[in-house]
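Novice: could you look at this predicted model? Sequence included:
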Amino acid sequence: SLGLINKQNRPSSFAMISLLWSILLLICFSQNNAEIITATTKAVARRTQNSNIWDYTDVPYGDEDPSVQLLNIALPEEGDPYGVLMFHHSAGGSHFSVTEKEVNAAHVSGYAVVSWESIGGVVGTAEIELAWSYAQICFDFLRTSANVYGWDPDKIIVAGRSLGSIVSWKLAHSQHPAIVGIYTYNGLPQQVWTRPDLWYPPDDVVSPVPLTYMVYGPGSKSDDGHNPTNAYPVVERYNELGEEEKLIFVEGMWNDPGLYSNGEWINEYDIFHYLPELVAKIEDGVGSPITPTTAVTPPVIPTHTNEAVVGLPYQPFTQGANGLYIGHSFFIPISRTFDDIVAQAKEESDNLFPQHDFQTEFSGGESGTPGNLWSNAGHRTSIKASLSTGTIDLFGMTIAAADDVNFQEQVDAFLDTGVYPTAEEYIPEYAQWIDMALSYNPDTV
């Protein structure tokens, strides 16, 4: 699944196996054989063909990976403010992999097109986790740069093609009120479903959901890896939640002679054939945008001490805190929502959390544990630069759970005593970071 290789069954000739997996993934994620070309060649071809459709190209949306965290922008000539279609390409493509007809579909609907880049085409667990985090970073960029490009930061449709649906899936179902719709083409292909123990997309679908269009080229009898029956568990999940009216599931676009002929789109908007329909329903209030159901109140922080690890008592940051959070996807994506939580709180009162600020340092999977972040010179230098300012109030690291203790037992023990029973071998990994933090600011928690 997702190009994963079970470590227990990994062949010794790992380089050859990796190459084979790369080739297989490019084949499986592509619409047809014409798409099975290198990402570099395709990117150059798309850049040449479609350079006239973009108002801005290679705009950086993040600074963690400047050569990858790039996006293109195509703005509509009319509409103020217009919405944003946040689109990610299929495997083997790039942020230039959008046709003029697809851009037109968004523009006539009153939406700008933002085509963003993440991980290319060959993916495994760490790359997918990284792409999920990049999706959040890109989304945050769209929200904070609305005044620069003129779009409505509360009117975003998350869209993706094949691989693009995978890397966008968790963001699309994050229940952020700014996400008003979801559009996928050939979404969640066959490889996604072979290891549900690693990731099972229906688990991310929670009610209420945005209005969703999942459209497919192949029909249910096709042997293509994008056969829509792969995603039937998502349909079942919407039904279970009573949200079936918010899911439009279209199969067999390639079988419609009015849309597709001889391997080419002959319709007006290519893969975005149904996008104007989605937007019209959004504008009519079908599948109303998600809104917070409860008021945001400042958290109640326990008063017990955690001296065994930190050496300082917990203190409630009633005015907000300048936080630094480091680690992998266990909590970094959550920490990135703090800005939204504070913004919601400020709707109640502008005086809440005036000192709030935060930074993150992300690295996927095992590379994001405290020990591995310390061992990586780049990450260590970056984190040290933040700590050395002496302004960090709250310093967080991803928990490394003890292998021989039930995780829930560890959480219960922490809530009871304030001391997390992390395995002894991990203590030095935390201690070296804590010592560094306290050397620059003894009041850091």
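Specialist: That came through, no problem.
Novice: ok, now which ones touch the nearest residue to Leu373 once chain neighbours are set aside?
Specialist: In this structure, Leu373 finds its nearest non-sequential neighbour in His379, 4.6 Å apart by Cβ to Cβ, 6 or more residues apart in numbering. In short, each C-beta sits where N, CA and C put it, glycine included. Counting by Cβ atoms under 8 Å, 6 or more residues apart in numbering, His379 touches 326, 361, 363, 373.
Novice: filter those down to the buried ones, PyMOL style.
Specialist: Those of these that count as buried under 16 or more other Cβ atoms under 10 Å are selected in PyMOL with:
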select buried, resi 326+361+363+373
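Novice: mind checking how far stretch 149-156 is from the chain centre?
Specialist: Going by Cα atoms, centre = their mean, to the nearest Å, the spacing between the C-alpha centre of stretch 149-156 and its chain's C-alpha centre is 18 Å.
Novice: that one: which residues count as buried?
Specialist: For stretch 149-156, the neighbour count (16+ other Cβ under 10 Å) marks 149, 151-156 as buried.
Novice: which two among these are spaced furthest apart?
Specialist: Tyr149 and Asp154 (14.3 Å; Cβ to Cβ).
Novice: tell me where the stretch 251-400 of the chain has strands.
Specialist: 260-261, 264-265, 322-327, 357-362, 394-397 (DSSP state E, counting those that start in this stretch).
Novice: can you list the strands that the first one pairs with?
Specialist: As defined by DSSP bridges, the strand partners of strand 260-261 come to strand 264-265 (antiparallel).
Novice: outside of the partner strand, which residues touch it?
Specialist: Outside strand 264-265, the residues that reach it (Cβ under 8 Å, 6+ apart) are 101, 259, 271.
Novice: turn those into JSON lines, columns for pLDDT.
Specialist: Output for those, formatted as JSON lines (pLDDT from 0 to 100):
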{"residue": "Lys101", "pLDDT": "97"}
{"residue": "Leu259", "pLDDT": "97"}
{"residue": "Ile271", "pLDDT": "98"}
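Novice: just the buried residues of the biggest helix by length in the chain, please?
Specialist: Looking across the chain with DSSP state H, the single longest helix is helix 125-144. Residues of helix 125-144 classed as buried by neighbour count (16+ other Cβ under 10 Å): 125-143.
Novice: how far out from the middle of the chain is whichever helix or strand comes after it?
Specialist: Downstream of helix 125-144, the first helix or strand assigned by DSSP states H and E is helix 146-149. Chain-centre distance of helix 146-149: 22 Å, with Cα atoms, centre = their mean.
Novice: quick one: mean pLDDT for helix 146-149?
Specialist: Averaging pLDDT along helix 146-149 gives 92.
Novice: okay, the strands of the stretch 251-400 of the chain, which one's buried deepest?
Specialist: Mean neighbour count (mean count of other Cβ atoms under 10 Å) peaks for strand 322-327 among the strands of the stretch 251-400 of the chain, with a mean of 22.
Novice: now the longest strand seen in the chain - C-alpha only, PDB.
Specialist: Using DSSP state E, we find that the single longest strand of the chain is strand 151-161. Only the C-alpha atoms of strand 151-161 are listed here, as PDB (Å, rounded to 0.1, in the frame of the first residue of the first chain):
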ATOM      1  CA  TRP A 151      -9.400  35.600  -2.800                       C
ATOM      2  CA  ASP A 152     -11.800  34.700   0.000                       C
ATOM      3  CA  PRO A 153      -9.900  32.700   2.700                       C
ATOM      4  CA  ASP A 154     -13.100  31.200   3.900                       C
ATOM      5  CA  LYS A 155     -14.100  29.700   0.500                       C
ATOM      6  CA  ILE A 156     -11.700  26.900  -0.400                       C
ATOM      7  CA  ILE A 157     -12.400  23.700  -2.400                       C
ATOM      8  CA  VAL A 158      -9.800  20.900  -1.800                       C
ATOM      9  CA  ALA A 159      -9.200  18.900  -5.000                       C
ATOM     10  CA  GLY A 160      -6.900  16.200  -6.100                       C
ATOM     11  CA  ARG A 161      -6.200  13.700  -8.900                       C
END
